[in-house]
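In: predicted coordinates and the sequence they were generated for:
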Amino acid sequence: MRYRSRVTAPAATLIGTAAALTTGTAAYAGPFTARDTGTPGPETLGDSVCPSLGNDGYRVSAYHLDFAYDDTTRLVDAAATIELRTTQALSRFSLDALGLDIRTVRVDGRTAAFEQAGEKLRVTPATALDARCRVRVRVEYSADPRRILAHTAWVATPDGFALCPQPNSAHTAFPCNDHPSDKADFTFRITVPSGLRGVANGVLTCTEDLSGGRTAYSYRSRSPIATELVQITVGDYVIKDRQGPHGLPLRDVVPTARAAALEPALALTPNLVQWLEARLGAYPFETYGLLPCNSDDANAFDFTGLETQTLTLYKPNFLLQAEKSIGSHMMHELVHSYFGNLVSPGNWADLWLNEGHADFYGLLYRYERGWADSLGLTTMEARMKNTYARGDQWRHDSGPVAAPNEANLFDSQRYLGGVLVLYALRQLVGEDVFAAIEHTFLARHRNSSATTADYIAVASEVSGQDQSGFLRDWLYGTKTPRMPGHPDWTVTPVNSALASPHSRRGGHWHENSATL
């Protein structure tokens with residue numbers, strides 16, 4: 001799912017920093033000098049929804065993040081070591097970074113000049129970088145999880161913090177190439193006062209008792225992670241271990257004081273994994289679990305769940321409900337382990353691949369369990385007929401399913417509209433061929449990113465028929481196509497004066513998953 005940035009600190013805290021970021025005021029670590037070779041790398045990856053996001057001229061192979069949390073100042077002292085490979089000769093390159101107090105930048109051990117401008121960290125190494133060379137960049141900085149920014153990944157809690165980076169805020173926690181098309185390996189070292197726990201994606205590899213009553217926890221992910229899926233959390237947590245299907249280690253990170261109350265929800269995960277593995281294959285990562293973020297603040301973040309890789313972030317109060325109220329959405333977030341995490345979107349316009357699939361299987365799970373949805377409907381066919389009738393109105397309000405803009409990226413058209421596309425394809429090719437398309441797509445683009453065009457290509461190949469016309473009409477058309485197998489289904493005419501209840505309003509993202 002997605003996040004909403006939170007305003008938590010007094011406005012005066014960041015007036016100076018905000019002004020500098022707005023005006024592009026430079027902060028130099030050293031003078032810039034002319035380079036004999038190379039050119040500045042592009043400061044974008046050309047995303048159609050978030051055009052300023054990401055940087056070109058290199059690709060990242062690994063991030064090594066070292067965070068130290070001070071529970072007195074509530075600040076984070078950090079170092080990010082980034083291993084990258086250049087794709088062109090570079091006199092300068094950039095990383096995404098916002099709200100970070102950067103002290104030093106080194107490139108292959110040598111001090112580099114740097115400039116913070118807007119949401120970019122421009123780095124000029126002592127000598128220009130050759131094309132196709134491996135480079136190690138180390139950035140030392142500090143960050144305030146309560147800092148006011150235009151958007152932020154930080155969720156400040158009474159005893160620490162968590163991260164919710166999606167879609168464009170990982171770079172408020174660490175400098176990075178902040179785009180899902182540039183996935184990389186990650187290691188983490190989190191130093192905290194004894195009595196608190198530091199947790200991150202992946203598996204625990206080392207625990208160190210340090211002087212001064214501090215403990216360092218180290219983690220490594222066995223699979224690459226998109227920056228928007230990184231999770232680092234600090235708090236008074238207890239780790240709850242259990243076993244999933246085929247011996248899969250399950251790890252929940254739970255506020256100590258609420259562990260008993262949350263146990264009924266946590267205990268649902270093994271059966272959820274088993275149900276999904278029967279449809280999409282073996283769970284793709286080394287572990288899975290839930291992180292009920294240690295905050296009861298209604299404004300802490302305005303989403304229910306966020307699929308940070310191997311550790312889904314939740315609002316604790318959501319998980320205190322009965323199974324029929326949470327099971328469908330827990331399935332939605334688990335599905336993201338396959339669609340969104342294992343295979344990430346190549347462009348943010350491809351978000352429907354994440355959210356459409358998550359809602360598709362989440363709804364199937366709901367109806368198989370006999371739970372009515374929010375409309376009181378009890379079958380996928382009934383829900384799709386209802387959604388089909390709204391098709392033209394949603395295309396009028398929010399554009400086609402695979403053509404969002406930044407303002408409507410996370411509205412219902414990407415979620416339930418995406419489900420309708422998948423339902424139409426399954427109606428056309430049949431359940432067996434549809435299942436084969438799903439498995440082939442996941443296998444072909446495993447641990448990478450993929451676009452809508454990639455999904456269309458797999459659908460055509462596996463079905464043995466060119467599906468490009470059919471799927472492009474459903475994904476990019478301004479009118480809702482006829483539904484295969486349901487010639488009687490009709491679309492309600494567009495009412496231009498109708499206020500859309502599923503769009504972004506007043507600067508806030510609304511929950512649009514049909515699994516809620």
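Out: Everything's here; your move.

In: which residues outside stretch 480-499 are in contact with it?
Out: Stretch 480-499 is contacted from outside by 384-385, 388-393, 395-396, 424, 427-428, 470, 473-474, 479, using CB atoms under 8 Å, 6 or more residues apart in numbering. Bear in mind the C-beta positions are built from the backbone N, C-alpha and C, glycine included.

In: filter the residues you listed to the buried ones?
Out: Buried members of the contacts of stretch 480-499, scored by 16 or more other CB atoms under 10 Å, are 384-385, 388, 390-393, 395, 424, 427-428, 470, 473-474.

In: pick out the most distant pair among those.
Out: Set against one another by CB to CB, the buried ones among the contacts of stretch 480-499 have their most distant pair in 393 and 428, with a gap of 23.5 Å.

In: could you report the neighbour count for residue 171?
Out: The burial metric for residue 171, expressed as a neighbour count using other CB atoms under 10 Å, is 25.

In: any idea how far it is from residue 349?
Out: 20 Å (CB to CB, to the nearest Å).

In: where in this structure is pLDDT low?
Out: Under the criterion of pLDDT under 70, the regions of the chain flagged as low confidence span 1-36, 499-511.

In: and the helices in it, which stretches?
Out: Residue ranges of the helices in the chain, as given by DSSP state H, are 15-23, 259-266, 269-280, 323-335, 351-368, 380-389, 391-398, 412-429, 431-444, 452-463, 468-476.

In: okay if I get those helices as JSON lines plus distance to residue 239?
Out: Written out in JSON lines, the entries for the helices of the chain read as follows (distance: least, CB to CB, whole Å):
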{"stretch": "helix 15-23", "distance to residue 239": "36"}
{"stretch": "helix 259-266", "distance to residue 239": "10"}
{"stretch": "helix 269-280", "distance to residue 239": "14"}
{"stretch": "helix 323-335", "distance to residue 239": "19"}
{"stretch": "helix 351-368", "distance to residue 239": "26"}
{"stretch": "helix 380-389", "distance to residue 239": "37"}
{"stretch": "helix 391-398", "distance to residue 239": "41"}
{"stretch": "helix 412-429", "distance to residue 239": "32"}
{"stretch": "helix 431-444", "distance to residue 239": "29"}
{"stretch": "helix 452-463", "distance to residue 239": "37"}
{"stretch": "helix 468-476", "distance to residue 239": "42"}
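
In: measure stretch 327-342 end to end?
Out: Taking CA to CA, to the nearest Å, the span from the opening residue of stretch 327-342 to its closing residue is 22 Å.

In: how many neighbours does residue 52 have?
Out: Using other CB under 10 Å, residue 52 has 15 other residues around it.

In: look up the closest residue to it, ignoring the ones flanking it.
Out: The shortest distance from residue 52 to any non-neighbouring residue, by CB to CB, 6 or more residues apart in numbering, is to residue 44 (6.0 Å).

In: the one you found touches residue 57, doesn't it?
Out: No - at 10.7 Å, residue 44 does not count as touching residue 57 under the criterion of CB atoms under 8 Å.

In: before we move on, back to that, tally of neighbours for the residue nearest to residue 52?
Out: Residue crowding around residue 44 was assessed by other CB under 10 Å; the count is 16.

In: for it, give its distance to residue 137.
Out: Distance from residue 44 to residue 137, by CB to CB: 19 Å.

In: bridging residues for residue 209?
Out: residue 215 (DSSP bridges).

In: OK, contacts around residue 359?
Out: With contact taken as CB under 8 Å, 6+ apart, residue 359 is in contact with 332, 415, 416, 418, 419, 513, 514, 515.

In: oh, that last question was meant for residue 41, not what I typed.
Out: Remark: with contacts taken as CB under 8 Å, 6+ apart, residue 41 is in contact with 55, 56, 57, 58, 88, 90, 92, 93, 94.

In: give me the nearest residue to the first one, chain neighbours excluded.
Out: Meaning residue 55. Here the nearest residue to residue 55 in space, its sequence neighbours aside, is residue 94; by CB to CB, 6+ apart that works out to 4.7 Å.

In: list the contacts for that neighbour?
Out: Neighbouring residues of residue 94 by CB under 8 Å, 6+ apart: 40, 41, 43, 55, 120, 121, 122, 123.
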